[in-house]
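**Student:** This is a predicted model, with the sequence first.
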Amino acid sequence: MFKKILVANRGEIAVRVMRACKEMGIKAVAVYSEVDRTALHVRIADEAYCVGPPPSSESYLQGDKIIDIAKDCGAEAIHPGYGFLAENPTFSRNVANAGLVFIGPSGGVIEHLGDKMSARKTMMNSGVPVVPGSEGGIEDEKQAVRLVNEIGLPVLIKAAAGGGGKGMRIVHAENEIKSAVRGAASEAQSAFGDGRVYIEKYLEQPRHIEIQILCDTHGNYLYFPERECSIQRRHQKVIEESPSPLVDPEMRRKMGEAAVAAAKASGYVNAGTVEFLVDKHKKFYFLEVNTRLQVEHPVTEMITGYDLVKEQIKIALGAELSIRQEDIVPKGNAIECRIYAEDPRNNFMPSVGKLISYEEPAGPGVRVDSGVYEGFTIPIFYDPMVSKLIAWGMDRQEAIDRMLRALSEYRIVGVETTIGFHKTVLQEANFRDGNISTHYIQEVLGDISVELEVTEDDMIAVASAVSYRRMKQDAQLTIGTAPSGSSGSAWKNSFRPARR
Ligand code: MV4
């Protein structure tokens, strides 16, 4: 077993990986930027080294510096978490070339699957269903028009180097093809330095369903029950769950086998995720492979009992998978809410700052993966995710009810958060019925900012202001003795004083 692993990340995922290391008797090494000196991942690490100034480009993205730190402190392997260097083929190669183990796929695999066009081609040649569309890139406009006539409108122009919605253009009419191809290509060129684009049939209101895979170096491949990730906002997932309310055992097996075929076709090793789009006829199509541990991996852990980070570490060590496919049996339902320090009333703008008061929910079926603590100041330099709240239940109903209970226990003062927004979604009829798509938030919640539930903290602020003003007016108002004329107000209902 490894004696020491360096975790090249910050926040909740660095903490998550270090927890696995500790349970396995492996020393965990943190790297941190100057602004993260007091961060939770530094506190729980066995050793920690400053890697540079606050901006990611000068710290967490400094691959060579991080490799040097790993060598100097005697770490044998590097876990990249997600984001930052996790899907950088050069970093994976450089780690290997330094005589260390990259806990993830090789640079070659990352590079191949990172090119959506080459990944698509590989899947087409291996019998994995792909969305109807071009076989390769678009060479000229004439070819684009011919392809569109073949597959039918609407179509989507996508960037080979894309992902996350960049360099994507929907085409509804033939006369839009030319400008869409040009627009997508130039956006891709400036964002990725790679202007290659391809065409797919545009699926309307698809669901985003993905399969976790584990592949060892001995040719063993496993798939896990699907994760439903359709609830997202601007290509950022918001709520994930497993299993999907849409998928039955037969579809689960078919998607799993397709994911394993995708893994075999690309020579995949370690943990990965095969993403699919699912149309209204429940037909699924390969979208892309994420060559990392994903944010939403805990829902899979909660319904199967396996620790995916430990499996990653054992695979990286060269061990053979000890799990058999038939051992992976889903039990109950798990839901994850990504709690962001963002203001849903102000277009989800980041709301960073000091966590003046911070109390996490607990109790049966609740897991909190967080990278913060009371008194910590969330830096402006990185993703503003505070934590992931995961609830497990015997069925979907219980998981939802537990999540609502946990959300109502969560107390965060000092920054705005998306907790109230999650409560709104979890109480919404379409969500509760499992009637969701990637357009859910946009279509069902629309302009959410005006109708979000008023939080207790809001009411305390309002009550304080009212109280202050009345005191100034020499009135006798104190909390708990609201005037009787205000019946029906949330203020009165929530601040009913305890009887003495
Ligand atoms: C699509 C699609 C519909 N049809 N492809 C968005 C990001 C990129 N990774 C792929 N995406 C999509 N590709 C076809 N042929 C709709 C989306 C899409 C989407 C996909 C997954 C999760 C959220 C999404 C939100 C909007 C659009």
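**Tutor:** Sure thing, it's come through. Numbers count the residues shown, from 1 in each chain.
**Student:** can you tell me how far the residue lying closest to Ala265 once chain neighbours are set aside sits from Val148?
**Tutor:** Spatial nearest neighbour of Ala265, chain neighbours left out: Ser126 (3.7 Å); criterion: CB to CB, 6 or more residues apart in numbering. Every C-beta, even on glycine, is put in place using the N, C-alpha and C of the backbone. Ser126 sits 26 Å away from Val148, going by CB to CB, to the nearest Å.
**Student:** picking up where we left off before, so who does the residue nearest to Ala265 touch?
**Tutor:** Ala261, Ala262, Lys264, Ala265 (CB atoms under 8 Å, 6 or more residues apart in numbering).
**Student:** So for stretch 370-384, first residue to last residue, what's the gap.
**Tutor:** 12 Å (CA to CA, to the nearest Å).
**Student:** what is the rounded mean pLDDT of that stretch?
**Tutor:** Averaged across stretch 370-384, the pLDDT comes to 97.
**Student:** Can you point out the buried residues in it?
**Tutor:** By 16 or more other CB atoms under 10 Å, the buried positions in stretch 370-384 come out as Ser370, Gly371, Val372, Phe376, Ile378, Pro379, Phe381, Tyr382, Asp383, Pro384.
**Student:** go on, stretch 421-428?
**Tutor:** Result for stretch 421-428 [16+ other CB under 10 Å]: buried residues Phe421, His422, Lys423, Thr424, Val425, Leu426.
**Student:** can you pull out the strands in the stretch 1-150 of the chain?
**Tutor:** For the stretch 1-150 of the chain, applying DSSP state E, counting those that start in this stretch gives strands covering 4-7, 27-33, 47-52, 77-79, 101-102.
**Student:** now the stretch 251-400 of the chain
**Tutor:** 270-278, 284-290, 333-340, 342-343, 349-350, 357-359, 366-370, 385-393.
**Student:** Dump the second one to PDB, restricted to CA.
**Tutor:** Right, strand 284-290. Only the C-alpha atoms of strand 284-290 are listed here, as PDB (Å, rounded to 0.1, in the frame of the first residue of the first chain):
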ATOM      1  CA  PHE A 284     -30.000   6.700 -24.400                       C
ATOM      2  CA  TYR A 285     -27.100   8.200 -26.300                       C
ATOM      3  CA  PHE A 286     -23.400   8.500 -25.400                       C
ATOM      4  CA  LEU A 287     -22.400  12.100 -24.600                       C
ATOM      5  CA  GLU A 288     -18.900  12.100 -23.100                       C
ATOM      6  CA  VAL A 289     -16.600  10.400 -20.600                       C
ATOM      7  CA  ASN A 290     -15.500  12.300 -17.500                       C
END
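**Student:** Can you get me the centre-to-centre distance for it and its chain?
**Tutor:** 16 Å (CA atoms, centre = their mean, to the nearest Å).
**Student:** tell me the angle it makes with strand 270-278.
**Tutor:** 150 degrees (axes from the mean of the first three to the mean of the last three CA atoms, to 10 degrees).
**Student:** can you tell me which of the contacts of Ser126 are in helices?
**Tutor:** Ala261, Ala262, Lys264, Ala265 (DSSP state H).
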